[in-house]
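> all I have is the shape, not the residue letters:
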DNA sequence: CTCAAATCCAACTGTTTTACTTGGTTTTCA
DNA sequence: TGAAAACCAAGTAAAACAGTTGGATTTGAG
C-alpha cells in the first residue's frame, strides 16, 4: 500500500464529493479551484476513480461527479488503491517464496506490516471522516501520551503530527 | 505519512538489524546484498537513521550498525519519518487555518486521517513485528529449505505462511 | 604497524513518478 | 444551438527515487 500526495489528492477530492452529497454534482473545476491543483490532473485521477466504481460522472451543463456508493461504503484504502500504480513492493509478490534467506524473511515481515496498514485504512470510510470523529492529536495508545500529558510534551507530539501532514503537501 | 519503497527499504533494513541483535554489528554491505539495493543508497538512508538516533555505527573491520535503542522502543513511524523528506508545502502548514472555506475543511479532514495513520504506525514497534507468529513459520521454512528438506511437511508450512499473509487485496 | 574493512561524506547522474500542459472530442442541458 | 461539462491522448516540466563516483576517516585484524 503506497501512500503519497497523489493519494491525498484523491482522498480530499472524494471528501469534497462526500460533503456535497444530495446537492448538485460537483464539477472538477470546483475541486481544482478549492484544492489548487490542475483540472487535467484531476481528470486523470477521476478516470481511475471512475474505473474503480467509486464515482459516477454526468456530462453537460449542470453535470459533474457524484459518489457511486454510499460514503460509508467507501474506504480510504479503496480510494488510495484506485489512484496508485499497482507496484509489487516486495519483489517476490509478498508470498515469501523468493527463497533467499534473510531477504525473504524481511519481505515477509514487510507484508505483515503492509497488511496491517491496508486493513487499518479499509476500516476507515469517507463517511466516518466527514462526521469528524473525536480524534485528539494522535492515537490514545501512543507511547508519548502513555508517558503522561505534560503540556510541553504534548506540543511536541502536535508538531510531529503536523510534520507528517506537511510532508504530503 | 509518506509510505513508499524508500520507507520499505528503511524498515526492512531496521528489521535486519533487529533480527541480528546481540550478535556482531550488521554491515551495510550485508544488507545491500540481502535486499539487493546499492550500498551507497543504503549509506544515505542510514545517515538519516543515525541522525534520528535510531542506529549506531561503529567503524573499522568488524564494525557495522546496531540499533541505538531497544527494538520495542523503535516504532515504524519513527523509522519512516527518519528517511522521509521533510518539506512543508502546505499553504496552511497542516494546521487547517488557511481560512479558505472548502479547501481548509478538507485539509482539516486529511489532517485527522494523517494523525490516525501516524498514531497507528507509532503503536507498532520493530520488536512486535519480528515476534509475529508468521515470522517464526517462515524462518523455520527457510531453515528447512537450506537443509534441502523439500517434503510434504514443507509444503504445509508454506500454505500456513500464505494464509497468514494472504489477505491483502 | 600497517592494511584492509568499514563508516562517513558530497556531488553528480540516470530513472521513475508526479503534476501539469495542450489540444482536442463528445455529451447534454439551458 | 451554444456553452458547460465530462472524457481522452500525447506530450513536457519538476520532483523524488535510486544509483554512481570518488573520496576521507576510523579502527580492528593480521
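In hand now; what should we look at? Keep in mind that what you see is a predicted model, and the values were worked out from it rather than measured.
> for my notes, confirm residue A:129 occurs in a helix.
Yes. Per DSSP: H, G, I helix; E, B strand; the rest coil, residue A:129 lies within a helix segment.
> list the contacts for it?
For residue A:129, the contacting residues are A:15, A:18, A:76, B:109, B:112, B:113, by C-beta atoms under 8 Å, 6 or more residues apart in numbering or on different chains. Bear in mind the C-beta positions are built from the backbone N, C-alpha and C, glycine included.
> any stretches of chain A with poor pLDDT?
A:86-103, A:133-169 (pLDDT under 70).
> for DNA strand D, what's the nearest residue on it?
Scanning chain A for proximity to DNA strand D using C-beta to the nearest atom of the strand identifies residue A:57 as nearest, at 2.8 Å.
> which strand residues bridge that residue?
When bridges are called by DSSP bridges, residue A:57 pairs up with residue A:65.
> that one: how many residues sit nearby?
As a burial measure, residue A:57 scores 17 neighbours (other C-beta atoms under 10 Å in any protein chain shown).
> do the one 3 residues further on as well
If you count neighbours by other C-beta under 10 Å, residue A:60 ends up with 6.
> quick one: the contacts of residue A:129 as JSON lines, columns for neighbour count too.
Below are those laid out as JSON lines (neighbours: other C-beta atoms under 10 Å in any protein chain shown):
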{"residue": "A:15", "neighbour count": "24"}
{"residue": "A:18", "neighbour count": "22"}
{"residue": "A:76", "neighbour count": "25"}
{"residue": "B:109", "neighbour count": "21"}
{"residue": "B:112", "neighbour count": "19"}
{"residue": "B:113", "neighbour count": "21"}
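> among those, which one sits closest to residue B:33?
Comparing those against residue B:33 with C-beta to C-beta places residue A:76 closest, at 36.8 Å.
> the closest one is in contact with residue A:127, isn't it?
No. With contact defined as C-beta atoms under 8 Å, residue A:76 does not count as touching residue A:127 (11.0 Å).
> where do the strands sit along chain A?
Per DSSP state E, chain A has strands spanning A:55-58, A:64-67. These are given in chain order.
> the ones you listed: which one's closest to DNA strand C?
When the strands of chain A are compared by C-beta to the nearest atom of the strand, strand A:55-58 sits nearest DNA strand C, at 6.6 Å.
> and the closest one, what's buried?
Of the residues in strand A:55-58, those scored as buried under the neighbour-count criterion (16 or more other C-beta atoms under 10 Å in any protein chain shown) are A:55, A:57.
> tell me which other helices or strands that strand touches.
helix A:39-51, strand A:64-67 (3 or more C-beta pairs under 8 Å, 6 or more residues apart in numbering or on different chains; DSSP states H and E).
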